[in-house]
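Asks: My questions are about this predicted structure, shown below with the sequence.
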Amino acid sequence: MLYTYIKQNYEFTDEDKKNCLRTFEIMLEITQKLKKNGILSLETDLDSYGNPFLRKAISLMIDGFDAEQINSILEKHMIFGDYTSKEVLERLLIKEGISLILYGHTTFSVYMNLSAFFGEDYIDETERVYENFINSTINKFYRQIRNGIKYFPNRTNLLESEIKSLSDADIQKILHHLEFDELVLTVNGSSAYVSERILTNISKKYADDILQIIAFDYNYKRYNDVEAVIHMQNKVLALCKHEKHAGVKK
């Protein structure tokens, strides 16, 4: 219903889309913040959000309305409000973003869904916003490691010397043998250098998903077992040595 109403009554210009990129980025930030600290953490930031529609959406979340109720309330505001095309696009991003967040979508999923509203001619721009956002997140994670905020003792830094001796192409071959859960365990507890080499040699989506677990979703107990991390890093260590040996034989 809402999509049909918007399609019939509004046409989003390049200027509208350009002006809504910041709203798009804010929804990525909110996704990440909720993953880390929960809904109530947004209450302290409520006044900092300039858009009244966004404040309304966040207030509804804080007050305990479920996803379906919030979606219905925001949709009514959009249909019966008097908005410009830019304001409609802005509110569409907020409404859909909040719904995706409440249904547990990852940052990557929120990005993929919301970027569709900009159309194919804006793929490069939305991708740039997402990549800058993820790079900022990854760099923050590296800084935490360098500042001594580590999840495990130094005995989980087993890959340092081997990873240093391998090219990016070699690392990509090794990582190809690992499942997602194994990648999480490998990165968890590694040094900033090893984490960076691994995360920059996998897709942005995988890097994002891994960081959601390690840096933000502290409830994933199965990844916080020191012995499991050590076991997995030893497996990767063996793969590194195998790859080096294969390179020497060539």
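Replies: Alright, I've got the coordinates. Numbering: from 1, shown residues only.
Asks: wait, what's in contact with Lys244?
Replies: For Lys244, the set of contacting residues under the criterion of Cβ atoms under 8 Å, 6 or more residues apart in numbering consists of 162, 165-166, 170. For glycine as for every other residue, the C-beta is placed from the backbone atoms N, C-alpha and C.
Asks: Please, where are all the helices along this structure?
Replies: Counting by DSSP state H, one finds helices in the chain at the ranges 2-9, 14-19, 21-37, 52-62, 67-80, 85-102, 107-115, 123-146, 160-164, 168-175, 180-187, 192-199, 204-211, 226-249.
Asks: if we can go back for a sec, and the contacts of Lys244, which of them are buried?
Replies: Under a neighbour-count criterion of 16 or more other Cβ atoms under 10 Å, the subset of the contacts of Lys244 counted as buried comprises 162, 166, 170.
Asks: who touches Thr200 in this structure?
Replies: Taking Cβ under 8 Å, 6+ apart as the criterion, Thr200 is in contact with 168, 207.
Asks: And the pLDDT for the most centrally placed residue in the chain?
Replies: With the centre of the chain defined as its mean C-alpha position, the nearest residue by Cα atoms, centre = their mean is Thr107, 3.6 Å away. Per-residue confidence at Thr107 stands at 85 (pLDDT).
Asks: Give me the nearest residue to it, chain neighbours excluded.
Replies: Ranked by Cβ to Cβ, 6 or more residues apart in numbering and with sequence neighbours excluded, the top spatial neighbour of Thr107 is Thr31, at 4.9 Å.
Asks: circling back: to Glu43, which of the helices of the chain lies closest?
Replies: Proximity to Glu43, assessed across those by Cβ to Cβ, is greatest for helix 52-62 (5.4 Å).
Asks: residue contacts, Ser85?
Replies: With Cβ under 8 Å, 6+ apart as the criterion, the residues that contact Ser85 are 10-13, 16.
Asks: domain parsing for the chain?
Replies: Here the domain parsing of the chain from automatic domain parsing is 2-134, 151-249.
Asks: Comparing these by mean pLDDT, which bottoms out?
Replies: Looking over the domains of the chain, mean pLDDT reaches its minimum on domain 151-249, with a mean of 80.
Asks: just to revisit the earlier point, now render the contacts of Lys244 as TSV, adding distance to Met232.
Replies: Output for the contacts of Lys244, formatted as TSV (distance: Cβ to Cβ, whole Å):
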residue	distance to Met232
Glu162	14
Ser165	20
Leu166	17
Asp170	18
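Asks: Sort out which one of those residues lies nearest Phe117 for me.
Replies: Nearest to Phe117 out of the contacts of Lys244 is Asp170 (Cβ to Cβ; 40.4 Å).
Asks: How about the closest one, nearest residue that isn't a chain neighbour?
Replies: Counting by Cβ to Cβ, 6+ apart, the residue nearest Asp170 is Glu243, at 5.1 Å.
Asks: Verify the stated contact: that neighbour with Ala169.
Replies: No: when contacts are counted by Cβ atoms under 8 Å, Glu243 is not listed as touching Ala169 (9.8 Å).
Asks: For those two, indicate the residue with more neighbours.
Replies: Per other Cβ atoms under 10 Å, whichever of Glu243 and Ala169 has more neighbours is Glu243, with 20 against 9.
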